[in-house]
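Asker: pasting the structure only:
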Ligand code: CA
């Protein structure tokens, strides 16, 4: 993989870089946001590892400028300090694809990068969305957990597809409402909760690993972990 690491903490950058290079990957470094933005603009990377707290241009701003100004779809994994839930949510809002909380292990970083790149390159070819043991084949619309086939109503299927495509990002309540009802959502949110409940009954009820998570006051996300 050809990677860009934007991180102002020199020791951390060196450790991560040495590990990734030892596994055969190419790393470019930037120690501040503006250098990172410049490198991201002039080179084609498979993924960018982006620290949130950077001198000059911070990680959120860098991410937003890549997505909104440069229309750059490169997978971005954001590094955040411990326990800053707001930072993680803000990261997803500006277009980060995944996050990792410091301190993290280099092998986990590598695994997440590989998953991000697989997902990014899978669009339009594999036509299968997968999160943990949950799969949705976009051609046949067959949904499975492991070997078990799940039966969903058309609206539940549509909601699941959006949650899986966004994973691990949070879908805000208004986004979920738009998916279910377009521009004409019902007045009360009881209907929304009923839809989520029905989806959980099919996707999660019989399985130890729960995939659909409520982010209170924000919305819903589908992911293997519920640590957000
Ligand atoms: Ca930093």
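Answerer: Yes, it's here. Just so you know, these numbers come straight off a predicted model, no measurement behind them.

Asker: Those residues of this structure touching the ion, which are they?
Answerer: For the chain, the residues in contact with the ion (CB under 5 Å from the ion) are 8, 51, 53. All C-beta atoms are positioned from the backbone trio N, CA, C, and that covers glycine.

Asker: For the helix or strand of the chain with the lowest mean pLDDT, which outside residues touch it?
Answerer: Ranked by mean pLDDT, DSSP states H and E, the weakest helix or strand in the chain is helix 85-93, scoring a mean of 80. Contact with helix 85-93 is made by 52, 59-60, 63, 78, 80-81, 99, 101, 169-170, 215, 218, 228, as judged by CB atoms under 8 Å, 6 or more residues apart in numbering.

Asker: Which neighbouring elements make contact with whichever helix or strand comes after that helix?
Answerer: Beyond helix 85-93 on the C-terminal side, the first helix or strand identified by DSSP states H and E is strand 98-101. Packing partners of strand 98-101 (3 or more CB pairs under 8 Å, 6 or more residues apart in numbering; DSSP states H and E): strand 76-80, helix 85-93, helix 106-122.

Asker: Confirm for me that residue 49 is in contact with residue 5.
Answerer: Yes - at 4.8 Å, residue 49 and residue 5 qualify as touching, with contact defined as CB atoms under 8 Å.

Asker: re the thing from before, just the buried members of the contacts of helix 85-93?
Answerer: Among the contacts of helix 85-93, the ones that count as buried by 16 or more other CB atoms under 10 Å are 52, 59-60, 63, 78, 80, 99, 101, 169-170, 215, 228.

Asker: contacting residues around the one residue in the chain that gets nearest to the ion?
Answerer: At 3.8 Å from the ion, residue 53 is the closest residue in the chain, using CB to the ion. Counting by CB under 8 Å, 6+ apart, residue 53 makes contact with 8, 59, 81.

Asker: Find the nearest non-adjacent residue to the second one, please.
Answerer: Meaning residue 59. residue 52 (4.1 Å; CB to CB, 6 or more residues apart in numbering).

Asker: Isn't that neighbour up against residue 60?
Answerer: Yes - Residue 52 lies in contact with residue 60 (CB under 8 Å); the separation is 6.6 Å.

Asker: circling back: show me the residues of the chain next to the ion that map onto strands.
Answerer: Among the residues of the chain next to the ion, DSSP state E puts residue 51 in strands.

Asker: residue contacts, residue 159?
Answerer: Residue 159 makes contacts with 176, 179-180, 195-196, 199, as judged by CB under 8 Å, 6+ apart.

Asker: Can you lay out those residues as a markdown table showing secondary structure and neighbour count?
Answerer: Putting the contacts of residue 159 into a markdown table (DSSP: H, G, I helix; E, B strand; the rest coil; neighbours: other CB atoms under 10 Å) gives the following:
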| residue | secondary structure | neighbour count |
| --- | --- | --- |
| 176 | helix | 20 |
| 179 | helix | 17 |
| 180 | helix | 18 |
| 195 | helix | 19 |
| 196 | helix | 20 |
| 199 | helix | 22 |
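
Asker: Now render those residues as TSV, adding distance to residue 140 and pLDDT.
Answerer: Below are the contacts of residue 159 laid out as TSV (distance: CB to CB, whole Å; pLDDT from 0 to 100):
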residue	distance to residue 140	pLDDT
176	24	94
179	21	91
180	23	92
195	23	96
196	25	97
199	19	97
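
Asker: count of residues packed around residue 2?
Answerer: Counted with other CB atoms under 10 Å, residues neighbouring residue 2 total 12.

Asker: you'd agree residue 4 is in a strand?
Answerer: Yes - counting by DSSP: H, G, I helix; E, B strand; the rest coil, residue 4 is part of a strand.
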